[in-house]
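J.: Pasting the sequence and the predicted model now:
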Amino acid sequence: MTIHAAGTPENVVLAQHVNGRLRAEARMVAARAFLLRAAGAGTFVALAGIGIGAGAYGWAYLSQYESAAERIAQALQAALSDVTIKTKGEVTLTDNVLKLDQPVVAQPQTRPDIAQVVAAQSKGEDGNAAVRTTFTVFKAVPYLDGNIVTGWQFKGDEKVPESQYCYFSHPQKFGSDVLTQVNIAINGQVAPQTSSQLNLQQLSKSCIWFDPKKV
């Protein structure tokens, strides 16, 4: 076994050889690192290119269908603009024909001739006893859970009511068929205020009294 002393030619050669070996290994490590970085960058660029290409392809695909839909819509609009629809004044129902020559005008409802009715029923069944015929016209205005009702009581041969009255009618309780009636006014005169919580003076403004000018 030979031990070389420091500074001898053999040690200098050995040190140079070791240094050269280390530098060579360092270059190889650097080359591998560069190769890996280059491969990573190339892969990233390739994937980005694929993504951009796919997006561009999808956009072009959708744009193609949108343009086709627009062209179809324009063609339909142009076709419909040139269409003329013709109608006839006849409607065929199986074997019958309904002709629409004149418009149908609804006849207004007229008040019955009360005087004629009274004259026809002015006597009783025995032909002697007089029969007095009266009728009442009701006007109702919704209020709270009930109605403010005004009654016009006519004799059979009169055009002006003999008497008028106004009252508030509402159920005793929710869903009940039993009604409670509170008198409001008679012949335009407000009834005396009772223990009711209702303000009769205020309610009387909703009464609809007979007006000869509107008849």
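T.: Good, I have the coordinates.
J.: What are the phi and psi values at Ile148?
T.: Recorded main-chain torsions at Ile148 are phi -100, psi 110, according to degrees, to the nearest 10.
J.: got a list of what it touches?
T.: For Ile148, the residues meeting the contact criterion (CB atoms under 8 Å, 6 or more residues apart in numbering) are 140-142, 166-168, 184, 203, 206-207. For the C-beta atoms, the positions are set from N, CA and C on the backbone; glycine is no exception.
J.: just Ser163 next, same as before
T.: Ser163 is in contact with 153, 186-187, counting by CB under 8 Å, 6+ apart.
J.: Counting neighbours, which of those comes out on top?
T.: Neighbour counts for these were taken using other CB atoms under 10 Å; the highest belongs to Gln153, with 15 neighbours.
J.: strands paired with the helix or strand containing that residue, and their directions?
T.: In this structure, Gln153 sits in strand 146-155 according to DSSP states H and E. Based on DSSP bridges, the pairing partners of strand 146-155 within the sheet are strand 134-143 (antiparallel), strand 163-171 (antiparallel).
J.: Kindly supply the ChimeraX command isolating those of the contacts of Ile148 that are buried.
T.: Typed into ChimeraX, the next command selects the buried ones out of the contacts of Ile148 (criterion: 16 or more other CB atoms under 10 Å):
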select :166,167,168,184,203,206,207
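J.: Looking at the contacts of Ile148, which is nearest Ala73?
T.: When the contacts of Ile148 are compared for distance to Ala73 (CB to CB), Pro142 comes out closest, at 51.3 Å.
J.: circling back to that earlier point, with pLDDT added, can I get the contacts of Ser163 in a markdown table?
T.: Converted to a markdown table, those look like this (pLDDT from 0 to 100):
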| residue | pLDDT |
| --- | --- |
| Gln153 | 91 |
| Ile186 | 93 |
| Asn187 | 92 |
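J.: TSV for these, including distance to Ala39?
T.: Formatted as TSV, the entries for the contacts of Ser163 read as follows, by distance: CB to CB, whole Å:
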residue	distance to Ala39
Gln153	108
Ile186	107
Asn187	109
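J.: And the residues you listed, which is closest to Leu36?
T.: Of all the contacts of Ser163, Ile186 has the smallest distance to Leu36: 108.8 Å, by CB to CB.
J.: what bridges to that closest one?
T.: Tyr165, Gln189.
J.: wait, isn't it in contact with Gln164?
T.: Yes. With contact taken as CB atoms under 8 Å, Ile186 and Gln164 are classed as touching, separated by 7.3 Å.
J.: what's the overlap in contacts for the two?
T.: Common contacts of Ile186 and Gln164, defined by CB under 8 Å, 6+ apart, are absent altogether.
J.: quick one on the thing from earlier: for the strand holding Gln153, C-alpha coordinates in CSV please.
T.: As requested, C-alpha coordinates have been extracted for strand 146-155 and formatted as CSV (Å, rounded to 0.1, in the frame of the first residue of the first chain):
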residue,chain,number,x,y,z
GLY,A,146,-121.7,41.3,4.6
ASN,A,147,-123.7,43.7,2.5
ILE,A,148,-125.3,47.1,2.9
VAL,A,149,-128.8,46.6,1.4
THR,A,150,-131.2,49.3,0.3
GLY,A,151,-134.8,48.3,-0.5
TRP,A,152,-137.1,50.3,-2.7
GLN,A,153,-140.7,49.2,-2.0
PHE,A,154,-143.1,50.0,-4.9
LYS,A,155,-146.8,49.7,-5.3
